[in-house]
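Novice: Provided below are the primary sequence and the corresponding predicted coordinates.
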Amino acid sequence: MKNEDKWIPTKFRYRKGRLIGSRDTEFVNLASRTISDRVAACYDRAIPMHCRGDLLDIGCGRVPLLLAYRDHASSVTCVDWPGSPHDIQHADVLCDVNQPIPIPDNSFDTVICSDVLEHLHTPHITIQEITRVLRPGGKLFLNVPFLYGLHEQPHDYHRYTRFALEHQAAVNGLEMVELSKIGGAGDAICNILAKLIIHIPIAGTLLSWLLQTTWNGLRKLSLVRTAEMKTAAIFPLGYFAIFSKPVSNTDDSIAENSI
């Protein structure tokens with residue numbers, strides 16, 4: 001990772017030992033706190049269990065997850081494309097990740113691909129390349145949106161269902177370690193409303209903050225949590241997945257351990 005001494009926390013931070021979305025509006029729009037917190041919770045839970053060895057962060061941007069994985073990785077390599085809208089001073093390799101990546105086969109034990117695939121016009125090539133550079137037994141962490149508005153236009157091409165992710169795992173000979181929904185209908189509605197009302201003159205910022213704070217309080221109730229789990233099957237904000245490259249890549253079966 002280049003310029004690690006200049007790295008600062010951006011999209012995520014720790015509070016009371018738990019990874020959450022940043023409250024600094026320079027890095028995360030106030031209206032995006034709901035989804036940022038849900039994504040953070042997925043990585044906070046999964047990284048200590050599955051992250052190890054040499055790590056590749058593809059589509060790295062400002063490397064927002066570094067604070068979560070750096071104590072679990074023995075080395076960090078960052079890749080992004082030269083036209084990225086984000087600060088890419090930490091990228092070791094600059095290339096179009098829609099194309100073959102200039103990295104040797106079997107180079108990494110862990111690959112992070114967070115909020116990236118939706119911005120690629122040929123994401124299947126990227127997943128093929130990730131599979132190639134993963135070592136046998138290595139794991140890919142990714143998260144993608146489903147019920148989420150357009151962003152970083154015009155480079156916003158896809159929304160993903162669980163079936164699309166299962167298909168990508170299958171065609172690349174990867175095992176499904178985990179496939180989890182991010183949020184449910186309540187989170188999706190809260191996210192959309194927060195992004196709409198923040199544009200109301202004068203009071204918008206306060207109303208957006210109040211909406212998300214109130215929803216997060218309600219979400220602690222057992223009845224609301226149950227409803228979120230049920231509605232997540234049809235109306236998730238997105239998905240979080242972990243794929244594993246088999247030690248023997250001759251097995252065409254896909255093991256789905258967690259949905």
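Specialist: Yes, it's here.

Novice: now do the same end-to-end measure for stretch 46-65.
Specialist: 12 Å (C-alpha to C-alpha, to the nearest Å).

Novice: buried residues in it?
Specialist: 46-47, 50-52, 54-65 (16 or more other C-beta atoms under 10 Å). For the C-beta atoms, the positions are set from N, CA and C on the backbone; glycine is no exception.

Novice: which of the residues you listed fall within helices?
Specialist: Mapping these onto helices (DSSP state H) picks out 46, 47, 50.

Novice: need the nearest residue in space to the last one, chain neighbours excluded.
Specialist: Spelled out, it's residue 50. residue 139 (5.2 Å; C-beta to C-beta, 6 or more residues apart in numbering).

Novice: quick one: that neighbour is in a helix?
Specialist: No. Assigned with DSSP: H, G, I helix; E, B strand; the rest coil, residue 139 falls outside any helix and is strand.

Novice: tell me the pLDDT at the residue located most distally from the centre of the chain?
Specialist: Distance from the C-alpha centroid of the chain peaks at residue 202, with 32.5 Å (C-alpha atoms, centre = their mean). pLDDT recorded at residue 202 is 95.

Novice: same deal with residue 249?
Specialist: Confidence at residue 249, expressed as pLDDT, is 49.

Novice: residue 258 too?
Specialist: Here, the pLDDT recorded for residue 258 equals 34.

Novice: swap in residue 254?
Specialist: 37.

Novice: all strands of the chain, in order?
Specialist: 12-15, 18-21, 54-58, 75-80, 93-94, 108-114, 134-145, 175-182, 238-244 (DSSP state E).

Novice: re earlier: beta partners for the residue nearest to residue 50?
Specialist: Counting by DSSP bridges, residue 139 forms beta bridges with residue 110, residue 244.

Novice: ok, residue 176 next?
Specialist: The partner residues for residue 176, given DSSP bridges, come to residue 243, residue 256.

Novice: residues near it, how many?
Specialist: 21 (other C-beta atoms under 10 Å).

Novice: isn't it up against residue 246?
Specialist: No. Residue 176 is not in contact with residue 246 according to C-beta atoms under 8 Å; the separation is 11.4 Å.

Novice: contacts only, for residue 73.
Specialist: The contact partners of residue 73, by C-beta atoms under 8 Å, 6 or more residues apart in numbering, come to 51, 52, 53, 54, 55, 110.

Novice: state the pair within the residues you listed that is farthest apart.
Specialist: Across those, no pair lies farther apart than 51 and 54, at 10.9 Å, counting by C-beta to C-beta.

Novice: joint contacts of those two?
Specialist: With contacts defined as C-beta under 8 Å, 6+ apart, the residues adjacent to both residue 51 and residue 54 are 73, 110.

Novice: what segments of the stretch 151-259 of the chain are helices?
Specialist: In the stretch 151-259 of the chain, the helices defined using DSSP state H, counting those that start in this stretch lie at 162-171, 185-197, 204-218, 222-231.

Novice: distance check, residue 150 against residue 239.
Specialist: Residue 150 sits 18 Å away from residue 239, going by C-beta to C-beta, to the nearest Å.

Novice: which one's more surrounded, the two?
Specialist: Using other C-beta under 10 Å, the more surrounded residue of residue 150 and residue 239 is residue 239, with 22 against 9.

Novice: the more buried one pairs with what?
Specialist: Under the criterion used (DSSP bridges), residue 239 bridges to residue 144, residue 181.

Novice: which residues does it contact?
Specialist: Residues near residue 239 by C-beta under 8 Å, 6+ apart: 143, 144, 146, 160, 161, 162, 165, 179, 180, 181, 182.
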